[in-house]
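[1] Here you go, sequence then predicted model.
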Amino acid sequence: MPSGGSSPPSSRHAPQPAHPRQIRRHVISYQDVCRANLQVTRELEKLGFWSDRLNDVDVYWVSASWRCYGWCQGHIYIPAISGANLSNFILGTHVRLTDVLRHEWSHALADRWPSLIATRRFAQTFCGDYESVDPVSTYDPDRHLTHYSTVMPCEDFAEVFHFYLRHKGRLPVRLANKPEIVKKWRFMDWMAERITKGTR
């Protein structure tokens, strides 16, 4: 992409989109992954979610993947180019890499702390067992933080977790009057407390 200078005559007066798409935002570099992962792991530690159980979880940067993206076989894989990235580019949307990693680290946490996840409390909070592949329900902004939350209980958990980390554990005021979301937020508080205490 040109860094400066005049536009070619054929496109000089062409209308430009209000928010031109930037290809660079949709191609992830190794340095991007390192920076974002450092930030997220620091958040995990500060909020009480980090423990020795996570020490063997690696985050891998791969050149391209349409199949292995995110939590896969005990590790986290972040491709430079993926179907999700291309879809975001086409649609003109953008997902922060830190949010992707926050989401994927939640799956690592669930894998390493099954005693906190395979519980009645989890099932009651997220409308099903973590391992369930059934959709939670139709999207309801009073119950779900994102549309993706409705795919499965584990994804609802992961979406709440990523918001929890992003907001440093503080419930946004706009969500305080949504009891179902507050209940999920409190589950994160409870989980962090248990991990900090080393509950098995």
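    Arrived safely, thanks for sending. Numbering: from 1, shown residues only.
[2] and the longest helix seen in the chain, what other elements does it pack with?
    Longest helix of the chain, by residue count under DSSP state H: helix 179-197. In terms of contacts (3 or more C-beta pairs under 8 Å, 6 or more residues apart in numbering; DSSP states H and E), helix 179-197 is packed against helix 114-117, helix 120-126, helix 153-166. Using the backbone N, CA and C atoms, a C-beta is placed for each residue, glycine as well.
[3] Would you mind listing the buried residues in the shortest one?
    Under the neighbour-count criterion of 16 or more other C-beta atoms under 10 Å, helix 114-117 has 116-117 buried.
[4] now swap in the last one and tell me
    Residues of helix 153-166 classed as buried by neighbour count (16+ other C-beta under 10 Å): 153-165.
[5] same thing with the second one?
    With burial defined by 16+ other C-beta under 10 Å, the residues of helix 120-126 counted as buried are 122, 125-126.
[6] could you dump those residues to a markdown table with distance to residue 69 and pLDDT?
    Formatted as a markdown table, the buried residues of helix 120-126 follow (distance: C-beta to C-beta, whole Å; pLDDT from 0 to 100):
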| residue | distance to residue 69 | pLDDT |
| --- | --- | --- |
| 122 | 25 | 98 |
| 125 | 26 | 97 |
| 126 | 22 | 97 |
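[7] Tell me the one of these nearest residue 30?
    residue 126 (33.9 Å; C-beta to C-beta).
[8] Quick check, that closest one in contact with residue 155.
    No - the pair residue 126 and residue 155 fails to qualify as a contact (C-beta atoms under 8 Å) at a distance of 9.3 Å.
[9] hey, which helix or strand in the chain has the poorest pLDDT?
    helix 83-91 (a mean of 51; mean pLDDT, DSSP states H and E).
[10] next SSE after that one?
    Where DSSP states H and E defines the elements, the next helix or strand beyond helix 83-91 is helix 97-112.
[11] got the angle for that following helix vs helix 153-166?
    Orientation note: helix 97-112 sits at an angle of 120 degrees relative to helix 153-166 (axes from the mean of the first three to the mean of the last three C-alpha atoms, to 10 degrees).
[12] Just the buried residues of helix 97-112, please?
    Under 16+ other C-beta under 10 Å, the buried positions of helix 97-112 are 97-110, 112.
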